[in-house]
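Novice: Here is the input, now give the coordinates:
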Amino acid sequence: MLTLCRDNEMKIVPFRATDALDLIRSGVIECGAQVSEPNGSMASLAEFYERESMSVTCILEGKVLFCAMIKPLWPGVAEVAALFDKSFSNHALSGCRAAREAMDQVFEIGELHRLQTTVRVDFAAGVRFAEWMGFEREGLAKRYSHDGVDAWYYAIVR
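Specialist: Sure thing, here's the model as predicted:
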């Protein structure tokens, strides 16, 4: 169980499916694309991630700031997908610090040696965030996203 708590304003808590669905309804930024209404597959995915004990949500002043949904692939390796509230850029430094702290605990709790993700090539803020978090670019996935946009493969290997 994650035991993170930044301060009275920001905290990292175990992920709940409703966190992601509420973010989506509020106009979340995900992989550079704005999504406004969850569909059935999104709800099913959110429920899957809720069952995974490594997934986390960052709460700021009672509001979901971001969700990091982590899917174990096999022992020692997991993949992360993130959803960000539109206001994340207003709290980027503290949010990034909280995310980095959560990631360190995820590596420990999940006994990971590799955490990987993809970021759309047209999502400059996502690229900056991944690189700030310590992810290293490993390659290009052509026509990877649901709308055919290329994505960068990133990973942290410890």
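Novice: Alpha carbons only: can I get the longest strand along the chain in PDB?
Specialist: In terms of residue count, the longest strand belonging to the chain (DSSP state E) is strand 63-74. Output in PDB follows, covering the C-alpha atoms of strand 63-74 (Å, rounded to 0.1, in the frame of the first residue of the first chain):
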ATOM      1  CA  LYS A  63      -9.500  17.700  -6.500                       C
ATOM      2  CA  VAL A  64      -7.900  15.000  -8.700                       C
ATOM      3  CA  LEU A  65      -4.800  16.500 -10.300                       C
ATOM      4  CA  PHE A  66      -3.500  13.400 -12.100                       C
ATOM      5  CA  CYS A  67      -3.800   9.600 -12.200                       C
ATOM      6  CA  ALA A  68      -0.900   7.300 -12.900                       C
ATOM      7  CA  MET A  69      -2.300   3.900 -14.000                       C
ATOM      8  CA  ILE A  70       0.200   1.200 -13.800                       C
ATOM      9  CA  LYS A  71      -0.200  -2.200 -15.400                       C
ATOM     10  CA  PRO A  72       2.300  -5.000 -14.600                       C
ATOM     11  CA  LEU A  73       3.300  -6.800 -17.700                       C
ATOM     12  CA  TRP A  74       5.500  -9.600 -16.200                       C
END
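Novice: helices and strands of this structure: which one bottoms out on pLDDT?
Specialist: When the helices and strands of the chain are scored by mean pLDDT, DSSP states H and E, strand 33-34 comes last with a mean of 44.
Novice: all helices in the protein, in order from the N-terminus.
Specialist: Here the chain has its helices, by DSSP state H, at 17-25, 40-51, 92-109, 124-132.
Novice: can you redo these as JSON lines with distance to K11?
Specialist: For every residue, glycine as well, the C-beta is placed using N, CA and C. Written out in JSON lines, the entries for the helices of the chain read as follows (distance: least, CB to CB, whole Å):
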{"stretch": "helix 17-25", "distance to K11": "12"}
{"stretch": "helix 40-51", "distance to K11": "18"}
{"stretch": "helix 92-109", "distance to K11": "8"}
{"stretch": "helix 124-132", "distance to K11": "20"}
